[in-house]
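Colleague: Pasted the sequence and its predicted model underneath.
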Amino acid sequence: MDYKSILAELVASAAEGLEASVIAAMIEVPPNPDMGDLSLPCFKLSRTMRKAPQQIAEELAGKLPPHPAFSRATAAAGYLNVFYDKRAFAESVLSEVLQAGDRYGSGTIGAGKTIVIDFSSPNIAKPFHVGHLRSTVIGNALYRIHKFLGFDCVGINHLGDWGTQFGKLITAYKLWGDEREVREGGIEELMRLYVLFHDEAEKKPELEDEARSWFVKLERGDEEALALWRWFKEISYEEFNRIYGLLGVTFDSDAGESFYNDKMGPVVEELKEKGLLEEDQGAYLVRLDEFNMAPALILKKDGATLYHTRDIAAALYRNRTYAFDKAIYVTDYAQNLHFQQWFKVIDLMGYEWADRLVHVAFGRVNLEGVKFSTRKGNVVLLEELLRQAIEKTRDIIENKNPSLDNKEEVARQVGVGAIIFNDLSNNRIKDVSFSWKDVLNFEGESGPYVQYTYARARSVLRKAGLADEQAAAAGFDAALLENAEAQQVLKELQSFPDKVRQAMDKLEPSIIGRHLIDIAQSFNRFYHECPILVDDAGLKTARLALVASVCSVLRTGLDLIGLQAPERI
Ligand code: ARG
């Protein structure tokens, strides 16, 4: 039920010359439920109605036609405050939640629309760093949220599998590498070679030339260069896949930067034809001075392409292939300029879809507080971060619930969930701090707190013999849920669909993360104040309907941000 529209209609019918749609947009939710469940600030009406706000509020309160959704209306300090009929409210929220089940909050706003989500996108033979982890987590959540709202989603892992770094790596491997050591050492050994290259190149700058010429060979399809590149890629990919496996993340396409190799020539041609390309000491670039930006580099003087070139080619390809309504790119804010530059180039090329490109930037994660047992590369560190989370969670569970059956699996769901949730509990643009104490705090604003609340609620349902949440929808007396604790839970459940929409509009999964905390906190207050499995059958049935609804919404919300919902912890 849409309470705001109902109230707006009532107000419009109570006062001449007011339009319901205009009123609806003015209605607010007061900060404190004592002031009402909805309120209309009458200041904005004061001019057109030529009356003092308080007078308007009083007249409206007096003339508002009765409606089953509302119990009363008052006027205070220029506001018209309206109170829900608590029984009707409980009835409508619970039946809506339980009837819709795991579709509660879903929508069709995205029907027929396609969104391309470029996320994770680590670089082959370079560290999968914590920024890539964050991109993976945020991108995955955005994917799920859009799908839930009816969009066709295309998740692309734009692997950094092309670029001058491969020239460096090949050079280093040819000079100091050994096949067996690479086989055994994997990505770590590749990274050792890469770092060695940089150390040596400081002393011998001619190594840089050699690396450049290997990359040019690679771009021209030289067999030896290609074979090494493929092998390095395979090694890296195997390790990335272990991390994706732990996180439960998949992609629709792994077309990385190399995929656009044969699609860049035409782009360069097109830029030339459109008069956008300028030569500068043998290199080619697009000037962006007019827009107060450094130029976008398109070709180096040896003819090699760049990160910009590949992003432009990729965008043209994606537009042709998916005809997207929106294409988003999830990276750390350090790349703000990069995206502004090439979005501008697309615009200058005359493509009206330039405004469908969106950079979803996020802040840094500070891992200083984490102690690692090894001093290996960051890829290993990240996997170790996840493994440490799982291990620490296992210890906590061991203490809390020693007889739990599938401890290993639950520790994985909760440990990994804790890491994911930490990235999604604040606005993405904020830098994130990391402390095990907060991340794994079962009582704090954490993933484990939400999951634990869910498991606790499910256990109540099990004890009541209610395996099926939907079964709780029948035969409850909503008048028994009029107390403040129950009403607060109901309000949180009611606003869930709105939060999902906001998360989509703002490309901000943390809106759902924070809302899950609000639901869990209000439920825990209810749980402490209102015993559920009581003798009074009517009271028990009503409270169980609320518990079942909380379970349903928490599970949906967790799923939307990429966390699992274990039955028992
Ligand atoms: N591989 C890049 C990096 O690690 C991220 C790529 C983001 N996606 C894109 N289309 N540029 O910094």
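Modeller: Perfect, I can see it now.
Colleague: Look up how far Val116 lies from Trp162.
Modeller: Going from Trp162 to Val116 by CB to CB, to the nearest Å gives 19 Å. C-beta here means a position set from N, CA and C on the backbone, and glycine is covered the same way.
Colleague: and what of Arg387?
Modeller: 32 Å.
Colleague: Looking at those two, which one has more neighbours?
Modeller: Using other CB atoms under 10 Å as the criterion, Arg387 and Val116 rank with Val116 on top: 26 against 15.
Colleague: Apart from its neighbours in sequence, what residue is nearest the more buried one?
Modeller: Nearest non-adjacent residue to Val116, counting by CB to CB, 6 or more residues apart in numbering: Ala327, 4.2 Å away.
Colleague: One more: Asn123?
Modeller: Using CB to CB, 6+ apart, the closest residue to Asn123 is Gly160 (3.2 Å).
Colleague: So which bits of stretch 396-409 are buried?
Modeller: Ile396, Ile397, Leu404, Lys407 (16 or more other CB atoms under 10 Å).
Colleague: so what's Val93 up against?
Modeller: By CB atoms under 8 Å, 6 or more residues apart in numbering, the contact set of Val93 is Leu490, Leu493, Gln494, Ser549.
Colleague: let's see it at 10 Å
Modeller: Taking CB atoms under 10 Å, 6 or more residues apart in numbering, we find Val93 in contact with 1, 84, 104, 478, 481, 487, 489-496, 546, 549.
Colleague: Send me stretch 106-118 as PDB with only the CA atoms.
Modeller: Output in PDB follows, covering the C-alpha atoms of stretch 106-118 (Å, rounded to 0.1, in the frame of the first residue of the first chain):
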ATOM      1  CA  SER A 106      11.700  -6.500  -6.800                       C
ATOM      2  CA  GLY A 107      10.500  -4.500  -9.700                       C
ATOM      3  CA  THR A 108      10.100  -4.000 -13.400                       C
ATOM      4  CA  ILE A 109      11.600  -0.600 -13.800                       C
ATOM      5  CA  GLY A 110      14.500  -2.200 -15.700                       C
ATOM      6  CA  ALA A 111      12.300  -4.300 -18.000                       C
ATOM      7  CA  GLY A 112      13.600  -4.200 -21.500                       C
ATOM      8  CA  LYS A 113      16.700  -2.200 -20.400                       C
ATOM      9  CA  THR A 114      20.300  -3.400 -20.500                       C
ATOM     10  CA  ILE A 115      23.100  -2.400 -18.100                       C
ATOM     11  CA  VAL A 116      26.700  -3.400 -18.700                       C
ATOM     12  CA  ILE A 117      28.700  -3.600 -15.500                       C
ATOM     13  CA  ASP A 118      32.500  -3.600 -15.800                       C
END
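Colleague: and that stretch, average pLDDT?
Modeller: Taken as a whole, stretch 106-118 has a mean pLDDT of 98.
Colleague: ok, now stretch 510-526?
Modeller: Mean pLDDT, stretch 510-526: 98.
Colleague: Please state the offset of that stretch from the chain centre?
Modeller: 17 Å (CA atoms, centre = their mean, to the nearest Å).
Colleague: Give the buried residues for it.
Modeller: 510-524, 526.
Colleague: and which of those residues is nearest the ligand?
Modeller: Nearest to the ligand among those, counting by CB to the nearest ligand atom, is Ser510 at 20.5 Å.
Colleague: Isn't that closest one up against Asn427?
Modeller: Yes. Contact criterion CB atoms under 10 Å: Ser510 and Asn427 qualify, at 5.7 Å.
Colleague: so what's in contact with the two at the same time?
Modeller: Shared contacts of Ser510 and Asn427 (CB under 10 Å, 6+ apart): Phe362.
Colleague: contacting residues for Gly303?
Modeller: The neighbours of Gly303, taking CB under 10 Å, 6+ apart as the test, are Val216, Glu219, Arg220, Val268, Gly282, Ala283, Tyr284.
Colleague: give me the beta-bridge partners of whichever residue of the stretch 351-500 of the chain sits closest to the ligand?
Modeller: Minimum separation of the stretch 351-500 of the chain from the ligand (CB to the nearest ligand atom) falls at His359, amounting to 9.2 Å. Residues in a beta bridge with His359, per DSSP bridges, are Tyr329.
Colleague: Could I get the pLDDT score of it?
Modeller: pLDDT, read off for His359, is 98.
Colleague: I figured it hits Lys326, correct?
Modeller: No. In this structure, His359 is not within contact of Lys326 by CB under 10 Å, at 11.8 Å.
Colleague: in stretch 105-117, what's buried?
Modeller: Gly105, Ser106, Gly110, Thr114, Ile115, Val116, Ile117.
Colleague: Switch the residues you listed over to TSV; also include distance to the ligand.
Modeller: Below are the buried residues of stretch 105-117 laid out as TSV (distance: CB to the nearest ligand atom, whole Å):
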residue	distance to the ligand
Gly105	29
Ser106	29
Gly110	22
Thr114	17
Ile115	15
Val116	10
Ile117	11
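Colleague: about what we covered before: state the number of residues packed around the residue of the stretch 351-500 of the chain closest to the ligand.
Modeller: When neighbours are counted by other CB under 10 Å, His359 comes out with 18.
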